[in-house]
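Colleague: return a 3D structure for these sequence lines:
(one chain, ligands or ions: 1)
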Amino acid sequence: MGLNDSSPGAMRNGRGLSDQWAESVVVRPRTTERHITVHKRLVLGFALSILTLIIVTAVAVVLSVRFEECGGRDRDGMTGELGSRGSSGSGKMNGSRGERMGERGDEEAAQPWRNSRLPGSLRPRHYDLRLAVYMDNFTFSGDVSIELECVNATRFIVLHSDRSGSGRLVNRPGGGAMRIHRHFPFPANQMYVVVLHRELKPMRLYRLNITFDAAIEDELLGFFRSSYTLQREKRYLAVTQFSPIHARKAFPCFDEPIYKATFSLTLRHDPQYTSLSNMPVESSTLADEDGWVTNHFARTPRMSTYYLAWAVCNFTYKETQTDSGVTIRLYARPDAISSGAGDYALHITKRLLGFYQDYFKVQYSLPKLDLLAVPKHPYAAMENWGLSVFVEQKILLDAEVSSSSYQMELTMVVVHEICHQWFGDLVTPVWWEDVWLKEGFAHFFEYVGTDFLFPKWNMEKQRFLTDVLHEVMLLDGLSSSHPISQEVQQATDIDRVFDWIAYKKGAALIRMLANVMGQPLFQKGLNDYLLSHMYSNAARDDLWNKLSQAMRSEGRDINIGEMMDRWTLQMGYPIITISKNQSEQVPTHYITVTQEHFLYGEEVRNNNSLQWQVPLTVALGNASTVCSESLIWVNNKTETHRIGEMDDNTWLLGNINQTGYFRVNYDLQNWKLLIQQLHNNPQIISVGNRAGLIDDAFNLARAGYLPQGVSLQLIGYLPEETSFLPWHAASRALYQLDKLLDRTDEYSLFSDYVLKQVASRYHQIGWPTNGPSNEGSNVLQASYQTEELQRELIMLACSFGNKQCHRQAVVYISDWISSNKNRIPPNIRDIVYCTGVSLMDEDVWEFIWMKFHSSTAVSEKKILLEALTCSDNTFLLNRLLNLSLTSDLVPEQDVIDVIIHVGRNPQGRNLAWKYFRDKWDVLNARYGEALFMNSKLIGGVTEFLNTEKELSELKEFIQSSGVGAGPALPRALEIVEGNVRWHRLHRRQFYQWLRKPPALG
Ligand SMILES: [Zn+2]
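Modeller: Prediction:
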């Protein structure tokens, strides 16, 4: 599943510039308060009408038994009432083996439906699901026939059902039917319970038939609807989103990932619509008595309920075929298809299927793969097997107006979802606690797969560091973080596991492991893992076993499970401190290495902190060369290791290319040597390590492990830096500081220092010359590194106040207004728009506002909207906030971004913070259930708070509103406390250094 950004660490620009990288649209819009009321009324009315319907038709749940002809299932004669109940798999259900009625009483007393998990006595093998979809009144009706295998004798059939109306049970007369004692919903656990008169017997097959009716939802869960406009006509489509626990909203089923089964789906609908599902249409009845179409889809392989998908729409498509004969189609609005906006995604999908088949050495499992571009979706995308669904912004590319950032982000979403066809669809995590097993892999492969498509982008070795590693270490260094494997019991916990820790830490740990193993063995282990668990489920230990086996096959005996448990079951990560052994004479051969749990909060650290098995790579170097590299396993708090010969001028560098998930600190003398090296000849140290040193130094300083001056002195080498990545790492760190400092009296000391580092490289690289009128496909071939560096420097220069940069932006905007032709290069439009709005008068704001309304390209619309938040005029900002929330001028999913971006603007900060608190009830009602949405909002409006007064306002707010926000509020509190602490402990030292930077040497 592709999450949109929810990270509180994603912001980069203290001046309110948008950041398409850290992005953006977190969408899971909820109905507004007003809508909810209406909606509830509808449900009520609808429920009544269902009842009427059922009384009239008297069709409902029928339970019948099909005695298996195959006697083998029953071979040992264990068919009596004293069967194998309670022997395995359903501890909750075992009772004493007393006489039959007594036992029954015990079993009933046990009430397995009160447990949040299904009892495990029954296993679904196959679902025949038939649905009739009424797009005219947004309802559907259906019946499902589930073939069940009995594992342990039981009188209870417990399965999931939520919202879909379940009818009265009627025993259908006839051979083999079992009598139903009673049946009832158990809404607390979203379950439906059927109690039988007699027990179902182990190793036999049964068939359960249920009919149901439900609404096609107006919110983005289960089977839901959305709309778009085509030639001024409103069109509707209906599509499913079942992950993680919403299949039960569309039909009664065993809705836990472990209950894999095959599915045969039949959809009946008005012929003006097309229907799609995981599998191709096997047969189609073109017109029945109503003139409707009935599509029978081929039987799926074994899969989890949350990957089942279907859609009813009137989209058109383009298609292509892979060499191995898989048909790939991209379905979208007819106008998007005809404009070619889907071509790019279709093209890369074809290449990616080939890439993954080669990498995993496992064929893609289905005969086809459809990509469906929908106008509204709760996530960036969802990897349903054979029918992956994407929100339009993450799959349609308008090459004319799209920036390379937009293209890269879209590419990565596609790479992510295609990876899931193996990690997720084919092999599924046993339970949600290990959701990172699929999300971490898909996120890691975003970088590997994008490197395959665009080798020059160098994603895995470079961009991964800033966008994944640095990003998540910021979060995971908080004491409010949590282990990557999280215990999940209640349904409400499940949404919570889809967070940055699962995605980004998962990816970072997998990358670390891949580097320890080496790519051939890593690939071998993955292949074995996929083959062993295909069409089934796996837990993390299954992966560790296969990877350990691969290592052993090459004579390398590492217990990967033991090592990785430290990283997955413990929160946080270590800080490794390396120093030359002082007790020895110079030259020495020994280093001392210590590890402790890295935490930003100085008062929460303690000596008995966690420990890890750390694969530490160390390089030794001097002015002109790197002399040696070695791998050291650090298992204890303090260790001494012998490495190469070192003298006074030898520097040590840990975590080569930042493949490890930890930070490294050194003694001050070594920091000095490294900084000298960077100033004199930065190329000796790899690009990845240059970025890593910057990120480590700033975060160590922020947490008080290192004097403030070290990080500032380190970036003094930036005028020598020609690569994008270290600049990117630096700008991330500087925007973090900017948030802390931009309301302090001495702010100009800081901004002047930043501008001094930026100036020469900025002037040298200049502004892009190609306008949007040039060939749009440039974006595909352009050297992305150069473009991104240019963009980064322009953003730094403009946001920290470079006069020339400001003038250039104003010239561009004036030209646009006077000529009504937008000649601003797409890659820097967000920077130019924002700078223009903040510097120029209200007319520019009105002009951008007008353009926002008239623009149709989704990416352009978004940056125009964000530019509006850059104004210095609080009246305009206030107007924008109010319009966003109360009118439908701003798309529902963008409202949160408007509030956050107003908060990024120092002039809007108080306004956004106050607005957020005033409107909390409305916002929480609208976005509350979508935890990651809420947490993005909470993180976004609070991260700038850094005074004692603001801290107490936050505490007050938490007390008065507190509930329902998951981990976001405690995290926000910890971050703001950290901000306040930094001011108290370190600000003086920071500014002192800036007033008098000591000479290097
Ligand atoms: Zn995913």
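Colleague: tell me the mean pLDDT for stretch 907-925?
Modeller: Stretch 907-925 shows a mean pLDDT of 91.
Colleague: for stretch 944-963, same thing?
Modeller: 90.
Colleague: report the buried residues of it.
Modeller: Under the neighbour-count criterion of 16 or more other C-beta atoms under 10 Å, stretch 944-963 has 944-946, 950-951, 953-954, 957-958 buried. The C-beta positions use only the backbone N, C-alpha and C, and glycine is treated the same way.
Colleague: residue in the protein nearest to the ion?
Modeller: For the chain and the ion, the shortest gap (C-beta to the ion) falls at Met1, measuring 4.0 Å.
Colleague: what about that residue, how many residues nearby?
Modeller: For Met1, the neighbour count with other C-beta atoms under 10 Å is 23.
Colleague: for Ser760, same thing?
Modeller: Using other C-beta under 10 Å, Ser760 is surrounded by 12 other residues.
Colleague: these two touch, right, it and Glu721?
Modeller: No. Applying C-beta atoms under 8 Å, one finds Ser760 not in contact with Glu721, separated by 10.5 Å.
Colleague: in helices, which of the buried residues of stretch 944-963 fall?
Modeller: Residues of the buried residues of stretch 944-963 located in helices (DSSP state H): 950-951, 953-954, 957-958.
Colleague: export the residues you listed to CSV and tack on distance to Leu267?
Modeller: Conversion of those to CSV gives the following (distance: C-beta to C-beta, whole Å):
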residue, distance to Leu267
Glu950, 54
Leu951, 55
Glu953, 53
Leu954, 50
Phe957, 48
Ile958, 47
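Colleague: for the protein, give me the ranges with low pLDDT.
Modeller: For the chain, the stretches flagged by pLDDT under 70 are 3-108, 164-176, 583-586, 607-608, 770-782, 928-933, 962-965, 1000-1001.
Colleague: so Thr316 is in contact with Ser339, correct?
Modeller: No. Assessed by C-beta under 8 Å, Thr316 is found out of contact with Ser339, at 11.5 Å.
Colleague: between these two, point out the one with more neighbours.
Modeller: It is Thr316, of Thr316 and Ser339, that has more neighbours when counted by other C-beta under 10 Å, with 17 against 14.
Colleague: give me the neighbour count for Thr492.
Modeller: For Thr492, using other C-beta under 10 Å, the count is 13.
Colleague: what do you get for Val837?
Modeller: Val837 has 29 neighbours, counted by other C-beta under 10 Å.
Colleague: what strand or helix carries it?
Modeller: helix 829-839 (DSSP states H and E).
Colleague: helices of the stretch 51-200 of the chain, start to end?
Modeller: Using DSSP state H, counting those that start in this stretch, the helices assigned to the stretch 51-200 of the chain run over residues 100-110.
Colleague: quick one: check the one helix or strand Lys936 maps to for contact with the ion.
Modeller: Following DSSP H and E, one finds Lys936 within helix 931-942. No. With C-beta under 5 Å from the ion as the criterion, the ion is not reached by helix 931-942; the gap is at least 12.8 Å.
Colleague: hang on, the earlier thing: which one among the ones in helices among the buried residues of stretch 944-963 gets closest to Leu547?
Modeller: Ile958 (42.6 Å; C-beta to C-beta).
Colleague: residues contacting that closest one?
Modeller: Ile958 makes contact with 969, 973, according to C-beta atoms under 8 Å, 6 or more residues apart in numbering.
Colleague: what parts of the protein come near the ion?
Modeller: Residues of the chain lying near the ion by C-beta under 5 Å from the ion: 1, 439, 442.
Colleague: and the second one, what does it touch?
Modeller: For Glu439, the residues meeting the contact criterion (C-beta under 8 Å, 6+ apart) are 1, 498, 502-503, 506.
Colleague: from those, which land in helices?
Modeller: Gly506.
Colleague: buried ones among the contacts of Glu439?
Modeller: Among the contacts of Glu439, those that count as buried by neighbour count (16+ other C-beta under 10 Å) are 1, 498, 502-503, 506.
Colleague: buried stuff in the longest helix that the chain contains?
Modeller: Determined from DSSP H, the single longest helix within the chain is helix 968-995. By neighbour count on 16+ other C-beta under 10 Å, the buried set for helix 968-995 is 968-969, 971-983, 986-987, 990-991, 993-994.
Colleague: output stretch 119-134 as PDB, nothing but the C-alphas.
Modeller: Presented in PDB, the C-alpha positions along stretch 119-134 are these (Å, rounded to 0.1, in the frame of the first residue of the first chain):
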ATOM      1  CA  PRO A 119     -11.300 -18.600  16.500                       C
ATOM      2  CA  GLY A 120      -9.500 -20.600  13.900                       C
ATOM      3  CA  SER A 121     -11.800 -23.600  14.000                       C
ATOM      4  CA  LEU A 122     -12.800 -23.100  10.400                       C
ATOM      5  CA  ARG A 123     -10.800 -22.300   7.400                       C
ATOM      6  CA  PRO A 124     -12.400 -20.900   4.200                       C
ATOM      7  CA  ARG A 125     -11.200 -22.600   1.000                       C
ATOM      8  CA  HIS A 126     -13.200 -20.900  -1.700                       C
ATOM      9  CA  TYR A 127     -15.700 -18.100  -2.100                       C
ATOM     10  CA  ASP A 128     -18.300 -17.900  -4.800                       C
ATOM     11  CA  LEU A 129     -19.300 -14.300  -4.700                       C
ATOM     12  CA  ARG A 130     -22.100 -12.900  -6.800                       C
ATOM     13  CA  LEU A 131     -23.000  -9.200  -6.800                       C
ATOM     14  CA  ALA A 132     -25.500  -7.000  -8.600                       C
ATOM     15  CA  VAL A 133     -24.400  -3.400  -8.600                       C
ATOM     16  CA  TYR A 134     -26.900  -0.600  -8.800                       C
END
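Colleague: quick one: Leu789 is in a strand?
Modeller: No. Read with DSSP: H, G, I helix; E, B strand; the rest coil, Leu789 is helix and lies in no strand.
Colleague: what is the orientation angle of the helix holding Lys936 with helix 968-995?
Modeller: 40 degrees (axes from the mean of the first three to the mean of the last three C-alpha atoms, to 10 degrees).
Colleague: ranges for the helices of the stretch 301-450 of the chain?
Modeller: Counting by DSSP H, counting those that start in this stretch, the stretch 301-450 of the chain has helices at residues 334-339, 343-360, 404-420, 436-453.
Colleague: understood, closing this out.
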